[in-house]
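Chemist: Have a look; sequence and predicted model below, questions after that.
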Amino acid sequence: MKEIKHFINGAFVDSASGRTFEDINPVNGQVIGRVHEAGRAEVDAAVRAARAALKGPWGKMTVAERAEILHRVADGVTARFDEFLEAECLDTGKPKSLASHIDIPRGAANFKVFADLIKNVPTEAFEMATPDGAGALNYGVRRPKGVIGVISPWNLPLLLMTWKVGPALACGNCVVVKPSEETPLTATLLGEVMQAAGVPAGVYNVVHGFGGDSAGAFLTEHPDVDAYTFTGETGTGETIMRAAAKGVRQVSLELGGKNAGIVFADCDLDKAIEGTLRSAFANCGQVCLGTERVYVERPIFDAFVARLKAGAEALKIGEPNDPEANFGPLISHKHREKVLSYYQQAVDDGATVVTGGGVPEMPAHLAGGAWVQPTIWTGLTDDSAVVTEEIFGPCCHIRPFDTEAEAIELANSLPYGLASAIWTENASRAHRVAGQIEAGIVWVNSWFLRDLRTAFGGAKQSGIGREGGVHSLEFYTELKNICVKL
Ligand SMILES: NC(=O)C1=CN([C@@H]2O[C@H](COP(=O)(O)OP(=O)(O)OC[C@H]3O[C@@H](n4cnc5c(N)ncnc54)[C@H](O)[C@@H]3O)[C@@H](O)[C@H]2O)C=CC1
Ligand SMILES: O=C(O)/C=C/C=C(\O)C(=O)O
């Protein structure tokens with residue numbers, strides 16, 4: 001049986017307590033391996049290693065040297081592409097066709113992009129007048145923030161963890177990563193790549209365990225961590241923020257969403273259907289940017305519903321190795337219970353189930369997996385929990401609207417504000433509506449089209465702060481002003 005250990009100070013180590021937990025394959029419910037569960041001792045060792053590395057060779061390296069090492073990390077991920085792919089798909093059950101295009105390439109790109117960016121960021125300088133006429137010169141310098149706690153989720157494990165680790169290391173920080181308990185494999189494998197790439201011991205550490213009263217809480221309560229970056233549920237973000245408040249540590253939080261798609265009658269319907277299908281059902285609906293509320297202008301409502309239904313029913317459910325599969329299982333049986341409770345709630349609230357609504361029949365060897373059907377509803381009222389709460393499953397509710405103002409009001413009606421997708425061929429309307437949507441990210445005629453230099457994050461209860469491009473560098477560095485009297 002595979003043993004999944006912590007990676008602390010450049011070595012793979014067991015938990016002193018001997019405690020382990022199971023890593024389960026969501027495709028069939030079978031145990032993949034046993035994961036060592038960190039106690040306070042392992043978390044403390046990881047933080048101490050990170051602090052020491054900061055004061056050691058990593059802290060003394062030039063930007064160019066660090067960038068070169070991070071390029072080697074990216075190359076290392078690419079060189080071991082198949083191993084990363086295998087590990088990610090074992091942990092998540094997602095189709096290899098998806099992970100090979102999104103998760104693993106982004107795992108490498110997240111190091112390359114920030115290694116290049118850090119070499120080219122300017123800092124500010126201001127000349128100022130002084131009463132004696134000699135003047136003064138102000139200039140900014142960026143310094144690493146220190147030891148960063150990285151708490152990452154299970155839906156895009158390598159992609160989201162490296163989205164934080166890449167810029168953190170590029171800026172000269174050291175990290176302690178607590179990957180989701182559901183998906184420990186790729187963060188661990190990355191330890192091997194870090195070592196081979198010449199990343200000094202202690203710069204990248206991984207501790208495994210759960211959230212509350214386990215490794216997650218021990219990390220967020222640790223007094224020697226300087227800042228935290230987290231992606232996951234809004235409630236967990238609040239808990240992490242509370243823990244980080246002690247010692248006034250900064251947080252970057254990318255939290256839940258209940259994202260709206262707005263489809264105008266003047267859209268290119270083929271594009272709107274293709275994009276909405278992806279945004280509702282890709283990764284089995286487990287993408288924080290996904291569309292769970294679709295608002296469609298009344299003249300095309302029936303046609304849209306019929307075509308989205310046909311698209312959902314054409315999805316091919318299957319295991320990662322099935323080359324035709326484009327729809328995998330949910331992450332776990334626990335998460336399936338949550339998703340199915342909303343499927344039931346929709347029926348109780350009087351929804352019309354356009355398609356799905358249950359568990360698909362699977363062949364015997366996959367019967368133990370966390371499968372659910374892609375599901376579409378219409379007919380719910382705006383206050384149904386199915387329409388207001390993040391489900392994080394492969395489902396959406398479609399509702400008609402009559403005016404642009406109504407669509408904007410509906411899209412903005414919830415306390416979330418992560419992402420939105422607008423479908424229209426009218427350019428003026430696209431700009432007008434996009435500007436009024438209360439969300440950190442608005443796509444027009446696309447979804448999940450990502451330029452890693454752009455600001456990424458949520459408005460309202462969908463998060464605090466922005467990462468991506470220079471915004472990541474702002475979070476992962478301390479900007480110091482030096483004022484020199486001439
Ligand atoms: N990308 C996203 O926006 C994600 C959203 N979710 C949402 O969250 C719901 C619950 O799923 P979970 O896996 O429980 O998500 P979660 O947000 O609680 O977990 C994400 C990470 O936070 C850690 N964590 C949990 N509680 C913590 C605590 N008190 N202190 C420190 N770390 C903690 C977990 O161990 C994991 O590494 C899902 O049903 C889904 O709606 C879940 C995962 C990703
Ligand atoms: O950075 C990206 O391109 C994707 C981000 C997706 C999430 O944050 C998520 O699904 O949680």
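Modeler: All right, it came through fine. Residues are numbered from 1 along each chain as shown. Ligands and ions are numbered 1, 2, ... in the order given.
Chemist: CA only for contacts and neighbour counts going forward, please
Modeler: OK.
Chemist: if I look at the closest residue to A201 other than its chain neighbours, how far off is ligand 2?
Modeler: Once flanking residues are discounted, A201 sits nearest to G10: 4.2 Å by Cα to Cα, 6 or more residues apart in numbering. Applying Cα to the nearest ligand atom, to the nearest Å, the value for G10 to ligand 2 is 27 Å.
Chemist: List the contacts of G10.
Modeler: 191, 195, 200-202, 204-205 (Cα atoms under 8 Å, 6 or more residues apart in numbering).
Chemist: cool, P57 as well?
Modeler: By Cα under 8 Å, 6+ apart, the contact set of P57 is P200.
Chemist: buried residues in the helix or strand of the chain at the bottom of the mean pLDDT ranking?
Modeler: Ranked by mean pLDDT, DSSP states H and E, the weakest helix or strand in the chain is helix 57-60, scoring a mean of 91. When neighbours are counted by 16 or more other Cα atoms under 10 Å, the buried residues of helix 57-60 are found to be 58-59.
Chemist: next SSE after it?
Modeler: Later in the chain than helix 57-60, the nearest helix or strand by DSSP states H and E is helix 63-79.
Chemist: if we can go back for a sec, could you restrict the contacts of G10 to the ones contacting ligand 2?
Modeler: Checking the contacts of G10 against ligand 2 by Cα under 6 Å from any ligand atom, not one of them is in range.
Chemist: Turn those residues into CSV, columns for neighbour count.
Modeler: Shown next, in CSV, are the contacts of G10 (neighbours: other Cα atoms under 10 Å):
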residue, neighbour count
G191, 23
Q195, 16
P200, 19
A201, 23
G202, 27
Y204, 27
N205, 31
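Chemist: List just the nearest of the residues you listed to F475.
Modeler: Y204 (18.1 Å; Cα to Cα).
Chemist: quick one, phi psi at that closest one?
Modeler: phi -120, psi 120 (degrees, to the nearest 10).
Chemist: buried residues in the host helix or strand of L54?
Modeler: Assigned by DSSP H and E, L54 belongs to helix 40-55. The neighbour-count check on helix 40-55 (16+ other Cα under 10 Å) flags 40, 42-54 as buried.
Chemist: With pLDDT as extra columns, can I get those residues in a markdown table?
Modeler: A markdown table is the format used below for these (pLDDT from 0 to 100):
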| residue | pLDDT |
| --- | --- |
| R40 | 98 |
| E42 | 98 |
| V43 | 98 |
| D44 | 98 |
| A45 | 98 |
| A46 | 98 |
| V47 | 98 |
| R48 | 98 |
| A49 | 98 |
| A50 | 98 |
| R51 | 98 |
| A52 | 97 |
| A53 | 97 |
| L54 | 97 |
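Chemist: could you redo the residues you listed as a markdown table and give each row distance to T381?
Modeler: Formatted as a markdown table, the buried residues of helix 40-55 follow (distance: Cα to Cα, whole Å):
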| residue | distance to T381 |
| --- | --- |
| R40 | 47 |
| E42 | 49 |
| V43 | 47 |
| D44 | 49 |
| A45 | 52 |
| A46 | 49 |
| V47 | 49 |
| R48 | 53 |
| A49 | 53 |
| A50 | 51 |
| R51 | 53 |
| A52 | 56 |
| A53 | 55 |
| L54 | 54 |
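Chemist: Next one, pLDDT for the closest residue to I8 other than its chain neighbours please.
Modeler: Distance criterion Cα to Cα, 6+ apart; nearest residue to I8, sequence neighbours excluded, is N205 at 4.9 Å. Listed pLDDT for N205 reads 99.
Chemist: helices or strands next to the helix or strand hosting N205 in the packing?
Modeler: Assigned by DSSP H and E, N205 falls within strand 204-206. Here strand 204-206 touches strand 6-8, helix 40-55, strand 174-178, helix 185-197, going by 3 or more Cα pairs under 8 Å, 6 or more residues apart in numbering; DSSP states H and E.
Chemist: does the residue in the stretch 51-200 of the chain positioned nearest to ligand 1 sit in a helix, a strand or a coil?
Modeler: As assessed by Cα to the nearest ligand atom, ligand 1 sits closest to S180 within the stretch 51-200 of the chain, at 3.3 Å. Here S180 is recorded as coil under DSSP: H, G, I helix; E, B strand; the rest coil.
Chemist: Mind checking if stretch 271-291 is in reach of ligand 1?
Modeler: Yes. Using Cα under 6 Å from any ligand atom, stretch 271-291 reaches ligand 1 at C288.
Chemist: roughly how far is that stretch from the heart of the chain?
Modeler: Its chain's C-alpha centre and that of stretch 271-291 lie 15 Å apart, by Cα atoms, centre = their mean, to the nearest Å.
Chemist: mind listing what's buried in it?
Modeler: Residues of stretch 271-291 classed as buried by neighbour count (16+ other Cα under 10 Å): 272-273, 275-291.
Chemist: near ligand 2 at all, that stretch?
Modeler: Yes. Contact between stretch 271-291 and ligand 2 is present through 287-289 (criterion: Cα under 6 Å from any ligand atom).
Chemist: who touches the strand holding N205?
Modeler: Contacting residues not belonging to strand 204-206 are listed as 6-10, 46, 50, 174-179, 187-188, 191, 194 [Cα under 8 Å, 6+ apart].
Chemist: From the chain's centroid, how far away is that strand?
Modeler: With Cα atoms, centre = their mean as the basis, strand 204-206 stands 18 Å off its chain's centre.
Chemist: What is the neighbour count of the residue lying closest to A411 once chain neighbours are set aside?
Modeler: Residue nearest to A411 in three dimensions, not counting chain neighbours: A260, with 5.5 Å by Cα to Cα, 6+ apart. By the criterion of other Cα atoms under 10 Å, A260 has 32 neighbours.
Chemist: what does G212 give?
Modeler: The burial count for G212: 13, using other Cα under 10 Å.
Chemist: Is it located within a strand, as I assumed?
Modeler: No. Checked against three-state DSSP, G212 lies outside a strand; its state is coil.
Chemist: phi, psi of it?
Modeler: Residue torsions, per degrees, to the nearest 10, at G212 are phi -60, psi 140.
Chemist: so what's it up against?
Modeler: Contacts for G212 (Cα under 8 Å, 6+ apart) come out as none.
Chemist: quick one: it and S180, what's the gap?
Modeler: Here G212 is placed at a distance of 12 Å from S180 (Cα to Cα, to the nearest Å).
Chemist: Helix or strand for the residue of the stretch 351-486 of the chain found nearest ligand 2, just tell me which one.
Modeler: Residue nearest to ligand 2 within the stretch 351-486 of the chain: R450 (5.8 Å; Cα to the nearest ligand atom). Counting by DSSP H and E, there is no helix or strand that carries R450.
Chemist: near ligand 2, which residues of this structure?
Modeler: So the chain meets ligand 2 at 287-289, 450 (Cα under 6 Å from any ligand atom).
Chemist: Tell me how many other residues surround T355.
Modeler: T355: 18 neighbours (other Cα under 10 Å).
Chemist: Is it in contact with T378, as I believe?
Modeler: No. Here T355 does not reach T378: they are 10.0 Å apart, not a contact under Cα atoms under 8 Å.
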